[in-house]
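Engineer: Sequence plus the predicted model coming up.
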Amino acid sequence: MKMSRREFIVRGSALFATLGLGGPLLFSPSGEAQVQDESKEGGGGTAESTVLVVIQLSGGNDGINTLIPYGQGVYYDSRSTLALKESEVLHLDGKSGLHPSLQGLHRMYEAGKLAIVQGVGYPNPDRSHFRSMDIWQTAEPDKFIKEGWLGRYVESSLGGNRNPLKAIQIGNIANKAFESATVNAPVIQSIESYQLLLDPKAPKIEFNRLAQSFLDMYDPKRQGVHLQVACRRGAEAYESVVAIQELASAYKHKVEYPKTAIAKDLKVAAQLLAGGSGTRVFYTQLGGFDDHADEKEQHAKLLQELDEAVTSFYSDLEEQGLAGKVVTLAFSEFGRRVKENGSGGTDHGTAGPVFVMGGGVKGGMYGVYPSLERLDAHGDLKHEVDFRSVYYTLVDRWLQGDAKSTLGKSYETLGFLA
C-alpha cells in the first residue's frame, strides 16, 4: 500500500536531519534499501583513481611561526615573545624550519613526501576572514561569485561520474568550495551517523515502506518542473546514504587516531577510501587559528593536532595500501602580521605557506620565502606564489581534470608532484 504525503510526513518525520547537500537532507539507520548502488559506476570515479584531501586551517594560520624563518634576523626583532629559538626549530634548508609541534610533517619532509609552497597568496589581499576565505573557496579574488572551485572541478571533470560519493565534505558545515547549481557533495560527520533516522526497533518492512515513499516523493517524474532540483538533491542524498552504509564494513581498524575532531574527520576519509568509495575529493577543516592574543601555547596545540591527525591518516593509508593514491592540501585564508601585537598574538596578515603531502608528492621547498623587511604598503608580506597555481597543479596533474575550466584560465604549473 502506498503512503500519502501527509502520512509520510507524520510517520516518517524522523527520517530527516540537516546533513547538507546544500540544503536539508534525510538520513537514517538499519535496514536494506532496494536502490541501485552507483558508487562503482561512471567515469572518473573508481577506487583506483587519485584522491585529493583538502584541510582548511580556518582563522588565519600564523605562517611565520609555522614555517619559521630563523635565518632572517628581523624575525627575532619583530617577535620578542613569540619567536622560537633556532635550537627549537625543526630545520629544513638552513634558513627556515618547521614549528616543533610538526614532528610528523618533518619526518614526511625528510622522506620526500611533503612539499612546502612558500609565500602563497593573491594580488590585493583582503584581511577579512569572510572575504579572504570566500576568495580561496571560489578562486576568484576580483569579484563575488557563487560557484566554488571544487564545484567547478566536479562539473567540468566528473560530469559522467554518477557516483554519489565522488566529492565529500567531512564535518558539520557545507563549504562554499563545492557550491554549484548541479553538484551535490554530502556533508558527513561520521559513517555511523550518516543514515536514515528511524526507530531501530521498527520492522524491516516499515523501513522499506518509508524509504520507498521518500523515493516516490522525490521522483522527478512525479513532480512539476519547479521541483526538479529539489527532487534530484533528495534522490542523490538517499543514494549517498545507501552507498556509505554499504561501504562501512570494509574498513579494518589498524591505526589508533587521536581523540580530536580533525583526526576523526580524516579517519572517516580513510574508512571510505578503504571501502572503495571512489571519492575523488574530500574536504575538512581545523579551526581556531585567529590568534590575536596568547598565541604561543594555542598555536602550538593546534599545529600538534594537525600533525598527529595527518600522521595517523597516512599511517592508516599505508596499512590499507592507499598512501600513494592520496595527496593532502593544507591551507589557510591568510597569514599573520610580521610584528607581534601587545597581547602576545598576531593580527591579520597576508601570504603564508601551503602544505602538499602524500605518496604522489615530490617533497621540498617551492617558491621563495617572502622578505620580512621588504613589506607591502600595509606592512605585510608580499606573496610570491598565486594560490591558483597550487589549485591548477593539483587539478591538472594530480586529479587529471580540466584545470582551465575549473579556474577560468591557465596558471603556472608548480613542480611539487612526482
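Structural biologist: Good, I have the coordinates.
Engineer: mind showing which ranges of this structure have poor pLDDT?
Structural biologist: Along the chain, the model assigns pLDDT under 70 to residues 1-48, 195-240, 242, 248.
Engineer: Would you map the helices across it?
Structural biologist: Taking DSSP state H to define them, one finds helices in the chain at 5-11, 73-78, 103-110, 129-138, 149-157, 204-217, 228-247, 261-274, 295-320, 387-393, 403-407.
Engineer: buried stuff in the longest one?
Structural biologist: Same thing as helix 295-320. 295-296, 298-300, 302-317, 320 (16 or more other CB atoms under 10 Å). No exception for glycine: its C-beta is placed from N, CA and C like everyone else's.
Engineer: The fifth one now?
Structural biologist: By neighbour count on 16+ other CB under 10 Å, the buried set for helix 149-157 is 149, 150, 151, 152, 153, 154, 155, 157.
Engineer: need the helices of the chain in JSON lines with distance to residue 168, can you?
Structural biologist: As requested, those are exported to JSON lines (distance: least, CB to CB, whole Å):
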{"stretch": "helix 5-11", "distance to residue 168": "28"}
{"stretch": "helix 73-78", "distance to residue 168": "39"}
{"stretch": "helix 103-110", "distance to residue 168": "24"}
{"stretch": "helix 129-138", "distance to residue 168": "16"}
{"stretch": "helix 149-157", "distance to residue 168": "11"}
{"stretch": "helix 204-217", "distance to residue 168": "21"}
{"stretch": "helix 228-247", "distance to residue 168": "8"}
{"stretch": "helix 261-274", "distance to residue 168": "7"}
{"stretch": "helix 295-320", "distance to residue 168": "15"}
{"stretch": "helix 387-393", "distance to residue 168": "18"}
{"stretch": "helix 403-407", "distance to residue 168": "18"}
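Engineer: Just list the residues touching residue 283, thanks.
Structural biologist: Neighbour list for residue 283: 53, 54, 56, 150, 167, 168, 169, 170, 175, 177, 178, 185 [criterion: CB atoms under 8 Å, 6 or more residues apart in numbering].
Engineer: quick one: the third one and residue 284 touch, right?
Structural biologist: Spelled out, it's residue 56. Yes - using CB atoms under 8 Å, residue 56 is in contact with residue 284, at 7.3 Å.
Engineer: related to what we said a few turns ago, could I get the buried residues of helix 149-157 as CSV with distance to residue 70?
Structural biologist: Converted to CSV, the buried residues of helix 149-157 look like this (distance: CB to CB, whole Å):
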residue, distance to residue 70
149, 34
150, 35
151, 40
152, 40
153, 37
154, 41
155, 44
157, 41
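Engineer: of all these, which comes closest to residue 367?
Structural biologist: Nearest to residue 367, judged by CB to CB, of these is residue 149 at 20.1 Å.
Engineer: Contacts only, for residue 300.
Structural biologist: Counting by CB under 8 Å, 6+ apart, residue 300 makes contact with 99, 100, 101.
Engineer: The residue nearest the centre of the chain and residue 417: what is the separation?
Structural biologist: Centroid-nearest residue in the chain: residue 283, 2.1 Å away (criterion: CA atoms, centre = their mean). Distance of residue 283 to residue 417, computed by CB to CB, to the nearest Å: 20 Å.
Engineer: what's near enough to touch residue 81?
Structural biologist: 296, 340, 344 are the contacts of residue 81 under CB under 8 Å, 6+ apart.
Engineer: any idea which of these is the one closest to residue 390?
Structural biologist: Using CB to CB, residue 340 is the member of the contacts of residue 81 that sits closest to residue 390, with 27.7 Å.
Engineer: ok, the closest one - contacts?
Structural biologist: Residue 340 sits next to 78, 79, 80, 81, 82, 295, 346 when contact means CB under 8 Å, 6+ apart.
Engineer: So which of these wins on neighbours?
Structural biologist: With neighbours taken as other CB atoms under 10 Å, the top of the contacts of residue 340 is residue 346, carrying 26 neighbours.
Engineer: quick one: that one from residue 372, how far?
Structural biologist: Distance from residue 346 to residue 372, counting by CB to CB: 13 Å.
Engineer: what is in contact with those two at once?
Structural biologist: Shared contacts of residue 346 and residue 372, defined by CB under 8 Å, 6+ apart, are found at residue 64.
Engineer: what's the spacing between residue 288 and residue 116?
Structural biologist: Taking CB to CB as the measure, residue 288 falls 22 Å from residue 116.
Engineer: So those two - more neighbours on which side?
Structural biologist: The neighbour comparison of residue 288 against residue 116 (other CB under 10 Å) goes to residue 116, with 25 against 14.
Engineer: Verify the contact between that one and residue 355 for me.
Structural biologist: Yes - counting by CB under 8 Å, residue 116 touches residue 355, with 6.0 Å between them.
Engineer: And for the closest residue to residue 320 other than its chain neighbours, the neighbour number?
Structural biologist: Closest residue to residue 320 apart from its sequence neighbours, by CB to CB, 6 or more residues apart in numbering: residue 274 at 4.7 Å. Residues near residue 274, counting by other CB under 10 Å, number 21.
Engineer: what residues are up against residue 274?
Structural biologist: Listed by CB under 8 Å, 6+ apart, the contact partners of residue 274 are 250, 251, 252, 320, 322.
Engineer: hmm, try it at 6 Å
Structural biologist: Going by CB atoms under 6 Å, 6 or more residues apart in numbering, residue 274 touches 250, 251, 320.
Engineer: and if you look at residue 387?
Structural biologist: Counting by CB under 6 Å, 6+ apart, residue 387 has contacts 120, 122.
Engineer: which residues in the stretch 301-418 of the chain form strands?
Structural biologist: With DSSP state E, counting those that start in this stretch, the ranges of strands along the stretch 301-418 of the chain come out as 326-332, 352-358, 364-366, 385-386.
Engineer: just those: most buried one?
Structural biologist: Highest mean neighbour count among the strands of the stretch 301-418 of the chain (mean count of other CB atoms under 10 Å): strand 352-358, with a mean of 26.
Engineer: Contacts for that one, please.
Structural biologist: Identification of contacts with strand 352-358 by CB under 6 Å, 6+ apart yields 63, 67, 108, 113-118, 120, 326-332, 335, 390, 416.
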